[in-house]
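1. Next input, structure requested:
(chains A, B, C and D)
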There are 2 protein chains.
Amino acid sequence: MKLTESEWTLMKCVWESPAASVRDVWERVAPTTGWRYSTVKTMLTRLVQKGALSMEKRANTSLFRPLITSRAARRSAVRTLLDNAFDGTFGSLLQHMAHEERLSAQDRAKLAEMLNELDRRKKS
Amino acid sequence: MKLTESEWTLMKCVWESPAASVRDVWERVAPTTGWRYSTVKTMLTRLVQKGALSMEKRANTSLFRPLITSRAARRSAVRTLLDNAFDGTFGSLLQHMAHEERLSAQDRAKLAEMLNELDRRKKS
DNA sequence: CGTCTCCTGCTACGTCTGTAGCAGAAAATA
DNA sequence: TATTTTCTGCTACAGACGTAGCAGGAGACG
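-> Residues are numbered from 1 along each chain as shown, chains lettered A, B, ... in the order given. I've put the predicted structure just below:
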């Protein structure tokens, strides 16, 4: 299940409060996104079509519930990143992170250690 | 600089052999993607418009060169993943990886150690 | 019961992406 | 030089995505 940036925003809401109405979600995302009610509505509907959410009518209001877990979605996102931007392996992502300046020297050392271990295992 | 899946495929080619012609790239990606020559051409042109590649005419043939490094592109991709699927921090990505079944027990232990360290630093 | 709200279903439309074809210029080749 | 090959520039078009409006039905409230 691949999600777009906007879809992640909505899914996060629904994961936090399962059985959310359009209004629930809208009230939470509008302040930061500026999206209109109908925009949120459309996107939620598309997420239903996509199989990421279920929609159930309660009286005249639809309630949305997640059909996929955030873990599964995350796993898929990491997988995609690995395939697109790296060589498909965790190792190369770790490699990259080890070179990120944003990490402290200690973090880098830890990552380097992990990488060595992966290397050893791969070679044997 | 955000790249789509197809764009990553092409960029990888150009990074490996800077100053590539459409044909060079096409010959390398066609076997796995099945894309036509003109498809590759169009996408390379779009990457130029996007600022990811430069295009220089040599005789009647255009040569493409990367304007962004693969490291920068990767950094950006990781950043995007972090922002979309996690809470924007490396820590939560590491957290996720620590729970991935695909990692060995040793890997998990290492990651857990890293996470503890990050926690400690954050709290102090 | 009439009116005001709110919700849904449907429609719209510009942009980006994937995927490509075609015509004409330039180069290679016979 | 005549012909074949190869490039480029331009155009196309369907599907996904971002963003939203509108009309009409269902509840809420006076």
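2. ok, which residues in chain A are in contact with DNA strand C?
-> Taking CB under 7 Å from any atom of the strand as the criterion, chain A approaches DNA strand C at residues A:21-23, A:37-38, A:41-42, A:45, A:57, A:60-62. All C-beta spots, glycine's among them, are computed from the backbone N, C-alpha and C.
3. Let's see that with 10 Å instead.
-> Contact residues of chain A with respect to DNA strand C, defined by CB under 10 Å from any atom of the strand, are listed as A:21-24, A:26-27, A:37-46, A:48, A:55-64.
4. Now the residue most central in space within chain A. Nearest residue, chain neighbours left out?
-> Geometric centre of chain A, nearest residue: A:R74, 4.5 Å, by CA atoms, centre = their mean. Using CB to CB, 6 or more residues apart in numbering or on different chains and skipping residues adjacent in sequence, the residue nearest A:R74 is B:A85, 4.9 Å away.
5. now do A:R75
-> Here the nearest residue to A:R75 in space, its sequence neighbours aside, is B:E100; by CB to CB, 6+ apart that works out to 7.1 Å.
6. for A:S76, same thing?
-> Leaving aside its sequence neighbours, A:S76 sits nearest to A:M1 (CB to CB, 6+ apart; 5.7 Å).
7. ok, that neighbour touching A:I68?
-> Yes - the pair formed by A:M1 and A:I68 meets the contact definition of CB atoms under 8 Å, at 5.3 Å.
8. just the strands in chain A please.
-> Applying DSSP state E to chain A gives strands spanning A:20-21, A:53-58, A:61-66.
9. A:M55: neighbouring residues, count only.
-> The number of residues packed near A:M55 is 15, by other CB atoms under 10 Å in any protein chain shown.
10. Close to chain B: what parts of chain A are there?
-> Selection of chain A residues close to chain B by CB under 8 Å from any CB of the partner chain yields A:3, A:5, A:8, A:71, A:73-75, A:77-78, A:80-81, A:84-86, A:90, A:93, A:96-97, A:99-100, A:102-104, A:106-107, A:110-111, A:113-114, A:117-118, A:121.
11. Could you give me the PyMOL selection string for whichever of these are buried?
-> Selecting only the buried members of those in PyMOL, with burial defined as 16 or more other CB atoms under 10 Å in any protein chain shown, works like this:
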select buried, chain A and resi 3+8+73+74+75+77+78+80+81+84+85+86+90+93+96+97+103+107+110+111+114+118
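12. Which neighbouring elements make contact with the helix or strand bottoming out on mean pLDDT in chain A?
-> Of all regular secondary-structure elements in chain A, judged by mean pLDDT, DSSP states H and E, the least confident is helix A:105-123 with a mean of 75. Contact analysis of helix A:105-123 by 3 or more CB pairs under 8 Å, 6 or more residues apart in numbering or on different chains; DSSP states H and E lists helix A:90-99, helix B:105-123 as its packing neighbours.
13. Need the per-residue pLDDT for A:E101.
-> As summarised for this prediction, A:E101 has a pLDDT of 68.
14. Now chain A against DNA strand C: closest residue?
-> A:S62 (3.2 Å; CB to the nearest atom of the strand).
15. Quick check: that residue vs A:A19, distance?
-> With the distance defined as CB to CB, to the nearest Å, A:S62 ends up 10 Å from A:A19.
16. Can you pick out the residue with more neighbours from these two?
-> In terms of neighbours (other CB under 10 Å), A:S62 is the more surrounded of A:S62 and A:A19; the figures are 17 against 13.
17. Next, see if stretch A:70-90 gets close to DNA strand D.
-> No - counting by CB under 10 Å from any atom of the strand, DNA strand D is not contacted by stretch A:70-90; separation bottoms out at 12.1 Å.
18. Alright, that wraps it up for me.
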